[in-house]
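>>> Next one to model:
(one chain, ligands or ions: 1)
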Amino acid sequence: MKKVTAVLMSIFLSFGLAACGSTQDDRKPEAIDRMVESVETEPSAQPETEIPEENIDVNTEENSGSAEGKALVVYFSMPETSDPDNMTQEEDNSVVVIDGEVLGNTQYVAYVIQENTGADIFRIEPETPYPTDHDTLVDLAAQEQEDNARPAIKGNIEDLGQYDTVFVGFPNWWGDMPMILYSFFDAYDFSGKTVIPFNTHGGSGFSSTISTIAELEPDADVREDGFTVSRNNVQDAEPDILAWLSDLGYINQDADASALAEKESENTDGKSLVVYYSASGNTEEVAAYIAGAMDADLFELEPEEPYSSADLDWTDRDSRVSHEHDNLEERTVPLVADTVENWDSYDTVFIGYPIWWGIAAWPVDGFIAANDFTGKTVVPFCTSSSSGLGESGELLEEAAGTGEWLEGIRFRSGASEDTVVEWVNGLGL
Ligand SMILES: Cc1cc2nc3c(=O)[nH]c(=O)nc-3n(C[C@H](O)[C@H](O)[C@H](O)COP(=O)(O)O)c2cc1C
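Residues are numbered from 1 along each chain as shown. Reported below is the predicted structural model:
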């Protein structure tokens, strides 16, 4: 992660030369064409050996862009704290700490892209700063979405015309881009340019944001193969970002060869598994869609004693499920099999279940208890008539005690294949 130290240092070093936030009208003739985001904090003292010499001037050399021409990285990021110590869980979710520096998740991805493409960089900041208190921020984001708001952006991009490619990064907020991104796309015309989205998320991937951008910028080439990463994996995302940039053909000679090599040498045998319990077929349908999209194996959890329709009648206080619901000790449901062959070969495990009384149907509990999820990415999904995912994923994560759990998603009973596949593709797994 020393590379990021170098990026930060180079930004600080060149800050004195930066032309940022000026309008087209007050641009001086000698205006420097490089744009550096406004960083208000002072650089922390770093031992010189921490900064590889070859990277110090990454932000002052010519924009190397790529075969596609000059590139710009634009991003919005909302770190909820700047204190690397004593973070709440929510604050921790919103940031990554690199060499003691606290960066927003999307900010970090933006820096890695900037550093390895030699692109210019512009941070979208609201004229009225957002609150950093998590609950207040979450409520404000929802309100802005409901109001279809267009929060004003501080500063502007000088001469967007010089860029052929614009990487645009944002966190997923309530299944969409933060509304300030709509202000951004309203303000600039990307006709004839390539727009490459990237985002960070808590389990929803891109949602439908890429198609939204394509609608907002109909004359731009909006790439569908953007980069998306779960907030849980941002810290280790550099090799993935480099591999993605390399696939796109946007990478400069200063790119971190060792990180790229790390990615290339990764075991590519990692497979995906979709484990599910389904009483009446809805979750099974979604599981099959996920398996199709991920080229994953399927594993159905079958209770030794299957549930009959009468057993499942939750309106009957005397039915089997009602009894189990009312008596915790009756919720242990022996399964025909609770372990999967070649478990070690799977690095991603989807776990599906119907919602029963607001939580995961308990036949999945035996599977969770019987397996070690260490080293695996676990993605819960559920179907229900009306309830959301609620705490069902978190409760399973707690019960498992191991694995990198994503937030997961709830589908309505009878969700379409398109809806499910769009979600899977947006996960970036
Ligand atoms: C015992 C039981 C309890 C349920 N509780 C809820 C609930 O709390 N909220 C909800 O939205 N749906 C509830 N449902 C509906 C199921 O979650 C929904 O039909 C689901 O898609 C069934 O999935 P399956 O076909 O894979 O079993 C319940 C269904 C059953 C059988």
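>>> how far away is the residue nearest to residue 359 when sequence neighbours are not counted from residue 356?
The spatial neighbour of residue 359 that comes closest, neighbours along the chain excluded (CB to CB, 6 or more residues apart in numbering), is residue 392 at 5.2 Å. The C-beta positions use only the backbone N, C-alpha and C, and glycine is treated the same way. Residue 392 sits at a distance of 9 Å from residue 356 (criterion: CB to CB, to the nearest Å).
>>> neighbour count winner among the two?
A count of neighbours by other CB atoms under 10 Å puts residue 392 above the other of residue 392 and residue 356, at 25 against 21.
>>> gap between residue 416 and residue 210?
Plainly put, residue 416 is 18 Å away from residue 210 if you go by CB to CB.
>>> ok, these two, which is more surrounded?
The residue with more neighbours, out of residue 416 and residue 210 and counting by other CB under 10 Å, is residue 210; that gives 24 against 13.
>>> tell me which residues in the helix or strand harbouring that one are buried?
Assigned by DSSP states H and E, residue 210 falls within helix 209-216. Applying a neighbour-count criterion of 16 or more other CB atoms under 10 Å, the buried positions in helix 209-216 are 209-210, 212-214, 216.
>>> which element is residue 121 on?
In the assignment (DSSP H and E), residue 121 maps to strand 120-123.
>>> tell me how far that strand is from the chain's mean position?
A distance of 20 Å separates the C-alpha centroid of strand 120-123 from that of its chain, computed with CA atoms, centre = their mean, to the nearest Å.
>>> and the very next helix or strand once past it, how far from the chain's centre?
Secondary structure here is assigned by DSSP H and E; on that basis, the next helix or strand after strand 120-123 toward the C-terminus is strand 125-126. The chain centroid and the centroid of strand 125-126 are separated by 21 Å, computed with CA atoms, centre = their mean.
>>> Tell me which residues are up against stretch 215-228.
Stretch 215-228 has contacts (CB atoms under 8 Å, 6 or more residues apart in numbering) with 109, 182, 185-186, 189-201, 205-206, 210, 213-214, 240-241, 244, 247-248, 426-428.
>>> Now the helix holding residue 210 - C-alpha only, PDB.
Output in PDB follows, covering the C-alpha atoms of helix 209-216 (Å, rounded to 0.1, in the frame of the first residue of the first chain):
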ATOM      1  CA  THR A 209     -26.500   3.000 -12.400                       C
ATOM      2  CA  ILE A 210     -24.600   2.100 -15.600                       C
ATOM      3  CA  SER A 211     -27.800   2.100 -17.700                       C
ATOM      4  CA  THR A 212     -28.800   5.300 -15.900                       C
ATOM      5  CA  ILE A 213     -25.600   7.000 -17.000                       C
ATOM      6  CA  ALA A 214     -26.100   5.800 -20.500                       C
ATOM      7  CA  GLU A 215     -29.500   7.400 -20.500                       C
ATOM      8  CA  LEU A 216     -28.100  10.600 -19.100                       C
END
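>>> and the chain, what are its domains?
In the domain annotation for the chain, the residue ranges read 2-264, 271-426 (automatic domain parsing).
>>> Next, give phi and psi for residue 279.
With angles defined as degrees, to the nearest 10, residue 279 sits at phi -90, psi -40.
>>> Next up, the contacts around it.
Residue 279 makes contacts with 307, 312, 354, 361, as judged by CB under 8 Å, 6+ apart.
>>> wait, which of the residues you listed is closest to residue 87?
Distances from residue 87 to the contacts of residue 279, taken as CB to CB, are shortest for residue 361 (34.1 Å).
>>> and the closest one, how many residues sit next to it?
Applying the criterion other CB under 10 Å, we find 27 residues in the vicinity of residue 361.
>>> Give me the phi and psi for it.
Per-residue torsions, residue 361: phi -50, psi 130 (degrees, to the nearest 10).
>>> Could you double-check that it lies in contact with residue 355?
Yes: the pair formed by residue 361 and residue 355 meets the contact definition of CB atoms under 8 Å, at 7.2 Å.
>>> what's the spacing between the residue of the stretch 51-200 of the chain found nearest the ligand and residue 99?
Proximity to the ligand, evaluated over the stretch 51-200 of the chain using CB to the nearest ligand atom, is greatest for residue 175 at 18.7 Å. Using CB to CB, we find residue 175 at a distance of 33 Å from residue 99.
>>> Write down the beta-bridge partners of the residue nearest to residue 235 when sequence neighbours are not counted, one by one.
Nearest in space to residue 235, with sequence neighbours left out and distances taken as CB to CB, 6+ apart, is residue 96 at 5.1 Å. When bridges are taken as DSSP bridges, the partners of residue 96 come out as residue 103.
>>> Spell out which residues sit in contact with residue 96, please.
If you count contacts by CB under 8 Å, 6+ apart, then residue 96 has 102-105, 108, 234-235 around it.
>>> which of those are buried?
Among the contacts of residue 96, the ones that count as buried by 16+ other CB under 10 Å are 102-105, 108, 234.
>>> tell me the phi and psi of residue 242?
Per degrees, to the nearest 10, the backbone of residue 242 is at phi -70, psi -40.
>>> Quick check: residue 78 touching residue 137?
Yes: in this structure residue 78 lies within contact range of residue 137 using CB under 8 Å: 6.8 Å.
>>> any common contacting residues for those two?
Overlap of the contact sets of residue 78 and residue 137 (by CB under 8 Å, 6+ apart) consists of residue 130.
>>> For residue 421, the count of nearby residues, please.
Per other CB under 10 Å, the neighbour tally for residue 421 reads 15.
>>> Any figure for the gap between it and residue 293?
Where residue 293 is concerned, residue 421 sits at a distance of 5 Å (CB to CB).
>>> for stretch 382-394, how far is the first residue from the last?
Between the opening and closing residues of stretch 382-394 there is a gap of 13 Å (CA to CA, to the nearest Å).
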